[in-house]
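Quick one, what's the 3D model for this:
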Amino acid sequence: PKEAQVEKTIRALTIAFYSVFTIIIGYIFFASLANSLSLLTLIILLLFIPGIYLIHRFLLKYENFLNEHYKLLLAFFIAFMLCIQIIFGFLLRFTPAFDMDAIYGGAIEWVNTGSFFSYYDYYYYFPNNLGGMSLLYIFFKLASYAGISDFFAVGMIMNSIMSVCAMLVCSLTAKKLGGASKAVFVLVLFLLSLPFYFIAPAFYTDSLSMLFPILIIFLALKLREADKLRQSVLLSILIGIAAAIGMLIKSTVIITPIAVIICLLMNKKWAKALICCACAASIIALSLLSFNAYFSSGHLTDTEKARVQNTPYTHWIMMGLKGTGGYNSADYEFTRSFADPEERNEAINAEIGRRISELGPFGIISLAGIKGSISMGNGTYALSDFLDDSPLKPCFLHSFLLYSSPHYDAYSGICCGIHLGILLLGVMSAIEKLIRAIKGAGGNTPFMAPHIAFFGIALFLLMWETSGRYITNYIPVLFICAASGPELLDRIIKNLNPRRKFPAQ
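Next up is the predicted model:
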């Protein structure tokens, strides 16, 4: 009876989760479609869904062939993407500015002088970017030992390698979840997503952290299957290391290990959930404490200045409740107008409460649609925030990729149509899993970590400052969710035509 009650509770929670996922991500999809609608975006979306479904059916038909030649196909894909990213990266070189200059210029100065004195004031305000600068510093320092001084090229190649590694791990994750056809299907999604061709030179924290959420999910899959305690401990330690590194670069990575632990609990892997939680939490805590101690003792040593200038996280929540939720200088002036941190924090909290009260329930829902469409509906991943910073040598690509370029609307329309199609596949996958959970089909509780992680980042982005860049490091996670989306279309077509046979999923 106790086991039956646990099963009933897990099934109810599964149904509740996929229902809420469908409602919220579905709302973001329709809001994105409404707020950024263009004829080209609509045409691309309408062509994408049947087109990607046909590709899905084709890949399923040749499952055995794909399984036999998967390694070769994967190697060819990785080599192609790496080459094209680096080639386009050199064509799109620019002079980093603002936040990217802080991590890029700071890393170069650190290599050349032993510290980053010129950027101390910036990092007193934004210590969250120390991780991104530190990662660049490590690779720049290694390159300097080899006599390489073109650090932009180093950062660009490093970013390209990390992004194709994210694609590799994403495909391997899809293979473990659904076989070779799903693994190749994910590669097709990357090929269709145009920003991945131009991401190399935009080596900011959004793309530098992209490997880690999907790597954590891949390691969690292996942890779920591990049958020995030693394997479970080792994989949990690796999850902790990946989470710690990713968090130091971009704090949103913390959502994924939380999703993994929830998933393990939903799968009744009680011991593995406990081991993963203990190992990951210990490694993350130790890493953050050591990292912060190093910088506060060796570089940013003025503790009082740090206490006064460090921007509180509530600042970005406050900023996300005004206008469209994006950057605005008035809120920064407000936050920095207080000499006393406690007074500042109280004022920010009061302003958050005032803005929520002023918006009201319907205003919050409306704002969520606007913020969701900007943060999660932008198929360009807002790479042009960087690419238009003083391009070194204009080329044909700039006529499409820059906000002010003559063909940007066409590029954006194509990107958004494809991206919204993939987002819709993610919603469809949740509906399919919801139907299975309601019917009690599929036996054990599914591996929910990708959907939980993507749902987590969605909730965070609805709460945080609005930016089209912030979804970037969770795009591979979205692709994993989307990979099972065509199964809902299979179900619909099968119900319409019961005699039609479908290959086994």
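
Report all helices and strands that the host helix or strand of I23 contacts.
When secondary structure is defined using DSSP states H and E, the element that contains I23 is helix 2-35. Using 3 or more C-beta pairs under 8 Å, 6 or more residues apart in numbering; DSSP states H and E as the contact test, the elements touching helix 2-35 are helix 39-61, helix 255-266, helix 341-376, helix 408-439, helix 449-463. Bear in mind the C-beta positions are built from the backbone N, C-alpha and C, glycine included.

So for the second one, mean pLDDT?
Just to be clear, that refers to helix 255-266. pLDDT averaged over helix 255-266 equals 97, rounded to a whole number.

for it, which positions count as buried?
Judged by neighbour count using 16 or more other C-beta atoms under 10 Å, the buried positions of helix 255-266 are I255, T256, P257, I258, A259, V260, I261, I262, C263, L264, L265, M266.

Same check on the longest one?
Under the neighbour-count criterion of 16+ other C-beta under 10 Å, helix 341-376 has 344, 347-348, 351-352, 355, 359, 367-376 buried.

Buried residues, the next helix or strand after it. List them.
The first helix or strand that comes after helix 341-376 along the chain, using DSSP H and E, is helix 384-387. By neighbour count, and taking 16+ other C-beta under 10 Å as the criterion, the buried residues in helix 384-387 are S384, D385, F386, L387.

Quick check: which of the helices and strands packed on helix 2-35 is nearest to A202?
When the helices and strands packed on helix 2-35 are ranked by proximity to A202, the top entry is helix 408-439, at 14.3 Å, counting by C-beta to C-beta.

Wasn't K322 part of a helix?
No: per DSSP: H, G, I helix; E, B strand; the rest coil, K322 lies outside any helix segment and is coil.

count of residues packed around it?
Neighbour count for K322, taken as other C-beta atoms under 10 Å: 16.

what distance separates stretch 5-13 from the centre of its chain?
Using C-alpha atoms, centre = their mean, to the nearest Å, the distance from the centre of stretch 5-13 to the centre of the chain it belongs to is 30 Å.

State the mean pLDDT of it.
When pLDDT is averaged along stretch 5-13, the result is 91.

Stretch 286-306 too?
In the prediction, stretch 286-306 has an average pLDDT of 96.

Same check on stretch 368-381?
Computed over stretch 368-381, the mean pLDDT rounds to 96.

what's next to that stretch, contact-wise?
Where contact means C-beta atoms under 8 Å, 6 or more residues apart in numbering, the residues beyond stretch 368-381 that reach it are 27-29, 31-36, 193-195, 199, 206, 320, 324-326, 411-412, 414-420, 423, 458, 461-462, 464, 466-472, 475.

Show me the one of the helices and strands packed on helix 2-35 that comes nearest L229.
Once those are compared by C-beta to C-beta, helix 255-266 is nearest, at 14.8 Å.

what's whatever helix or strand comes next after that closest one packed up against?
As assigned by DSSP H and E, the chain's next helix or strand after helix 255-266 is helix 270-298. Counting contacts by 3+ C-beta pairs under 8 Å, 6+ apart, helix 270-298 packs against helix 130-145, helix 211-225, helix 229-249, helix 255-266.

angle of the lowest-mean-pLDDT helix or strand in the chain against helix 408-439?
Ranking every helix and strand in the chain by mean pLDDT, DSSP states H and E puts helix 486-496 at the bottom, with a mean of 90. Angle of helix 486-496 versus helix 408-439, following axes from the mean of the first three to the mean of the last three C-alpha atoms, to 10 degrees, is 60 degrees.

Out of the buried residues of helix 255-266, the closest to G240 would be?
Taking the buried residues of helix 255-266 together and measuring to G240 by C-beta to C-beta, the closest member is P257, at 7.6 Å.

Could you report the separation of that closest one from Q231?
From P257 across to Q231, the span is 18 Å (C-beta to C-beta, to the nearest Å).

And the nearest residue to L321 once chain neighbours are set aside, how close does it get to I283?
Using C-beta to C-beta, 6 or more residues apart in numbering and skipping residues adjacent in sequence, the residue nearest L321 is R355, 4.0 Å away. From R355 across to I283, the span is 37 Å (C-beta to C-beta).

check contacts around L288.
With C-beta under 8 Å, 6+ apart as the criterion, the residues that contact L288 are A244, M247, L248.

Same check on C277?
If a contact means C-beta under 8 Å, 6+ apart, then C277 has I261 as its contacts.

Just the pLDDT for it.
In this prediction, C277 carries a pLDDT score of 97.

In TSV: the helices and strands packed on helix 2-35, plus distance to L187.
What follows is the helices and strands packed on helix 2-35, written out as TSV (distance: least, C-beta to C-beta, whole Å):
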stretch	distance to L187
helix 39-61	10
helix 255-266	21
helix 341-376	22
helix 408-439	13
helix 449-463	17
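
how about those helices, which one is nearest Q85?
If we rank these by C-beta to C-beta, the stretch that ends up nearest is helix 408-439, at 16.2 Å.

now that closest one against helix 449-463, angle please.
Going by the same axes, to 10 degrees, helix 408-439 makes 130 degrees with helix 449-463.

so how far is L387 from P394?
Relative to L387, P394 is positioned 11 Å away (C-beta to C-beta).

An error on my part: the question was meant for G421.
G421 sits 24 Å away from L387, taking C-beta to C-beta as the criterion.

same check, this time on D121
Between D121 and L387 the computed distance is 27 Å (C-beta to C-beta).

same question, F65
As for F65, its distance to L387 is 39 Å (criterion: C-beta to C-beta).

Likewise for F479?
To L387, F479 is 23 Å away according to C-beta to C-beta.

mind showing which ranges of this structure have poor pLDDT?
When the per-residue scores of the chain are filtered using pLDDT under 70, the ranges that remain are 1, 441-444, 498-505.

Nearest to I15 among the buried residues of helix 384-387?
Where the buried residues of helix 384-387 are concerned, and distances follow C-beta to C-beta, I15 has its nearest neighbour in D385, at 39.4 Å.
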